[in-house]
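> Sequence plus the predicted model coming up.
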Amino acid sequence: MPKEQNEVRDLQEGNYVLIDDVPCKITAYSTSKPGKHGSAKARVEGTGVFDGQKRNFTQPVDQKVWVPIVERKQGQVVSISGDDMQVMDLDTYDTITMRIPEDLDPSPDDDIEYLEWEGQRKVV
Amino acid sequence: MGDFPGARAALDDAAYAVVGAPLDVSTTFRPGARFGPDRIRRFARPFDEYDQRTGRHFSDLACDSGDVSPWGDIPDYLDFLTGQLSDHHDDGRLPLLLGGEHTVTVAGLRAADPDVYVCLDAHLDLYEAYAGDEYAHATVTSHALDIADEAILLGARTGSEDEWDRAAEADVTVVPPEDVGGWTPDFDGDAYLSVDIDAADPGFAPGTGTPEPFGLEPREMRDVVRAVAPQSVGFDIVEVNDRDDGQAASLAGKLLQTFVFAHAEATLD
């Protein structure tokens, strides 16, 4: 799966990170200050990009973590059928079927943006 | 990880997590609250982990997540501590916060977000700022009222003129020591229960930063903890230090156990 390794200290709010192997967007980041014993730790709180679930971890700042490479793509709605829509990727011209999000009322020819990672997609 | 006696439940199974917060920055009289968490763990050693009253075992209920070591920047520390406590809440564990000075309660409150702040304390702690410090230990009730809708201060018996004026407003209830024995909870919503060990008479709990005579008896404090625990979403014991032979820490450890058993009995199967 597309991902790269980073250190916890390099993360910040708004970044993506894998928590429990799930791609999450970081919503809170705070660090402790090191004393004589132990190293500085960071607490990272994130929300699943595709499932919306809150997750968190606390790790030393020099711990390695995986950052998912989530792609932001442009698409055009081709057709609607029931709860699904056909969307054409405007880079590759591939056509994919996506579930229509509850807060979206698409029509053919609408341009949309969506996030994609490991076959999971989310309209933004 | 810490080692509160009997707190042996696995993290994922535990309904309660001991979290030490040995902050000792703004203490005004006798310092030593930094030794509070270790001291409470140490003097809880003689306690049985079985509670005959409820038939429950402490070791089935609680784990010890160790201490969150503080540093000098109090707001920054409170942010980090709030996060650590929030993680326990999110995972379905009720954190049992061990101070440290009373200021750590601010993090406990932020993580638990209660409707009512219930506190056993000799002091009103209603300063807006003490000695120029808005996060001094004497300001905690002011911070609590930024989060909760009302504050109930049990055993409070001293404060400045400005604090008593503030305490006369509708969102603060002061129950003086002599009335705590007959007090029963009468509020709606979720409570956060904070136990400042100096609510006890200094004869029972000398090891604390700002001792104040004419205080509560241990049994009165136990009864309050038992009565408020069922409605509580957060709990702490603060202001225990090492300036005695363990009386303050022993009482604190027992009140922590008391809270866990009473809360478990009311909320768990």
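Thanks, I have the structure now.

> Compute the number of surrounding residues for residue 115.
Picked chain A for this. Neighbours of A:Leu115 under the rule other Cβ atoms under 10 Å in any protein chain shown: 18. The C-beta positions use only the backbone N, C-alpha and C, and glycine is treated the same way.

> Sorry, I should have been clearer: chain B.
Neighbour tally, B:Asp115, other Cβ under 10 Å: 16.

> Not counting residues beside it along the chain, what's closest to it?
Nearest residue to B:Asp115, sequence neighbours excluded (Cβ to Cβ, 6 or more residues apart in numbering or on different chains): B:Gly189, at 3.0 Å.

> Confirm that neighbour sits in a strand?
No. Counting by DSSP: H, G, I helix; E, B strand; the rest coil, B:Gly189 is located in no strand; its state is coil.

> I'd like the distance between it and B:Pro114.
Separation of B:Gly189 from B:Pro114 (Cβ to Cβ, to the nearest Å) stands at 7 Å.

> try A:Tyr29
Distance from A:Tyr29 to B:Pro114, by Cβ to Cβ: 26 Å.

> Kindly report the residues of chain B close to chain A.
Counting by Cβ under 8 Å from any Cβ of the partner chain, chain B comes close to chain A at B:68-69, B:71, B:73, B:76-77, B:79-80, B:83-84, B:86-87, B:90.

> Which among these count as buried?
Buried subset of the residues of chain B next to chain A (neighbour count, 16 or more other Cβ atoms under 10 Å in any protein chain shown): B:68-69, B:77, B:79-80, B:83-84, B:86-87.

> how about the residues you listed, which pair is most distant?
The most widely separated members of these, counting by Cβ to Cβ, are B:Ser69 and B:Ser86 (18.1 Å).

> Got phi/psi on the closest residue to B:Gly99 other than its chain neighbours?
Nearest non-adjacent residue to B:Gly99, counting by Cβ to Cβ, 6+ apart: B:Val238, 3.1 Å away. Backbone geometry at B:Val238, expressed as degrees, to the nearest 10, gives phi -130, psi 170.

> do the same with the one 10 residues further on
Note on B:Ala248: its backbone torsions stand at phi -60, psi -40 [degrees, to the nearest 10].

> likewise the one 3 residues further on?
For B:Leu251, the backbone dihedrals (degrees, to the nearest 10) come out as phi -60, psi -40.

> The spatially most central residue of chain A and chain B, how far apart?
Nearest to the mean C-alpha position of chain A, by Cα atoms, centre = their mean, lies A:Val49 at 3.9 Å. Between A:Val49 and chain B the distance is 18 Å, computed by Cβ to the nearest Cβ, to the nearest Å.

> residues touching that residue, list them.
By Cβ atoms under 8 Å, 6 or more residues apart in numbering or on different chains, the residues touching A:Val49 are A:16, A:23-25, A:68, A:70, A:115, A:117, A:120, A:122.

> Mind giving me the PyMOL select for these, buried ones only?
Selection of buried members from those for PyMOL, criterion 16+ other Cβ under 10 Å:
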select buried, chain A and resi 16+23+24+68+70+115+117+122
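
> ok, which of the contacts of A:Val49 also contact chain B?
Here nothing survives when these are matched to chain B using Cβ under 8 Å from any Cβ.

> In strands only, show me the contacts of A:Val49.
Secondary structure assignment by DSSP state E places A:16, A:23-25, A:68, A:115, A:117, A:120, A:122 of those in strands.

> pLDDT below threshold where in chain B?
Along chain B, segments meeting pLDDT under 70 span B:1.

> For it, which segments are assigned as strands?
Using DSSP E, strands in chain B cover B:16-21, B:50-51, B:56-57, B:62-67, B:94-99, B:116-120, B:150-154, B:172-175, B:191-196, B:232-238.

> and the ones you listed as TSV, adding mean neighbour count?
Below are these laid out as TSV (neighbours: other Cβ atoms under 10 Å in any protein chain shown):
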stretch	mean neighbour count
strand B:16-21	26
strand B:50-51	16
strand B:56-57	18
strand B:62-67	22
strand B:94-99	28
strand B:116-120	27
strand B:150-154	24
strand B:172-175	18
strand B:191-196	29
strand B:232-238	26
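
> could I get these as JSON lines with distance to B:Tyr130?
Shown next, in JSON lines, are the strands of chain B (distance: least, Cβ to Cβ, whole Å):
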{"stretch": "strand B:16-21", "distance to B:Tyr130": "19"}
{"stretch": "strand B:50-51", "distance to B:Tyr130": "38"}
{"stretch": "strand B:56-57", "distance to B:Tyr130": "40"}
{"stretch": "strand B:62-67", "distance to B:Tyr130": "25"}
{"stretch": "strand B:94-99", "distance to B:Tyr130": "16"}
{"stretch": "strand B:116-120", "distance to B:Tyr130": "17"}
{"stretch": "strand B:150-154", "distance to B:Tyr130": "17"}
{"stretch": "strand B:172-175", "distance to B:Tyr130": "17"}
{"stretch": "strand B:191-196", "distance to B:Tyr130": "15"}
{"stretch": "strand B:232-238", "distance to B:Tyr130": "15"}
